[in-house]
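A.B. asks: give the three-dimensional model of this entry:
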Amino acid sequence: MTWATISDRSKIPLQELERTEKTTTTKKKRRVGEFDWLLLRKSVSLNGPTDIALTFVDYLDIENRKARRFDQLTGDTLQFIEEIERVASAPVSLITTRFDYRSIIDRRAW
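C.D. replies: Numbers count the residues shown, from 1 in each chain. This next block holds a predicted model:
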């Protein structure tokens, strides 16, 4: 997968992705890949998670950057999260909506 594909899907400008998606030390361009459902299933069977943190939902749709509550996420994002929870048998409790420490939707009940 390429950053151009992410840009096309999410509507995040390609220049923004190319500027921010560099490694910390060497400043090389980061790699990106498609979400892997098989890897999620394998990881869940090995680790038995009680909660899941899902990052970069703005890469699914730039509109998610505006969300401050779970119900403000886009419909496609909500469906994606529901499917992750079904496959993992664990809640997606923390969701980041943009690259900022204040942009975390916390769904934990405790």
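A.B. asks: from now on I want contacts and neighbour counts done on CA atoms only, so please keep to that.
C.D. replies: Fine.
A.B. asks: and the closest residue to Glu34 other than its chain neighbours, what does it touch?
C.D. replies: The shortest distance from Glu34 to any non-neighbouring residue, by Cα to Cα, 6 or more residues apart in numbering, is to Met1 (6.6 Å). Taking Cα atoms under 8 Å, 6 or more residues apart in numbering, we find Met1 in contact with 32-34.
A.B. asks: listing partners with orientation, what would you give for the strand ranked longest in the chain?
C.D. replies: Counting residues, the longest strand found in the chain (DSSP state E) is strand 92-96. Sheet pairing of strand 92-96 (DSSP bridges) gives strand 52-54 (parallel), strand 104-106 (antiparallel).
A.B. asks: most tightly packed of the ones you listed?
C.D. replies: With neighbours defined by mean count of other Cα atoms under 10 Å, none of the strands paired with strand 92-96 is more surrounded on average than strand 104-106, at a mean of 18.
A.B. asks: any idea of the mean pLDDT for that strand?
C.D. replies: On average, the pLDDT along strand 104-106 is 96.
A.B. asks: coming back round to it: how close does the residue nearest to Glu34 sit to Asp8?
C.D. replies: 12 Å (Cα to Cα, to the nearest Å).
A.B. asks: equivalent analysis for Leu78, please.
C.D. replies: Taken as Cα to Cα, the span from Leu78 to Asp8 is 20 Å.
A.B. asks: low-confidence ranges, this protein, go.
C.D. replies: For the chain, no stretch has pLDDT under 70.
A.B. asks: at 90 instead, please
C.D. replies: For the chain, the stretches flagged by pLDDT under 90 are 20, 23-24, 33, 99-102, 109-110.
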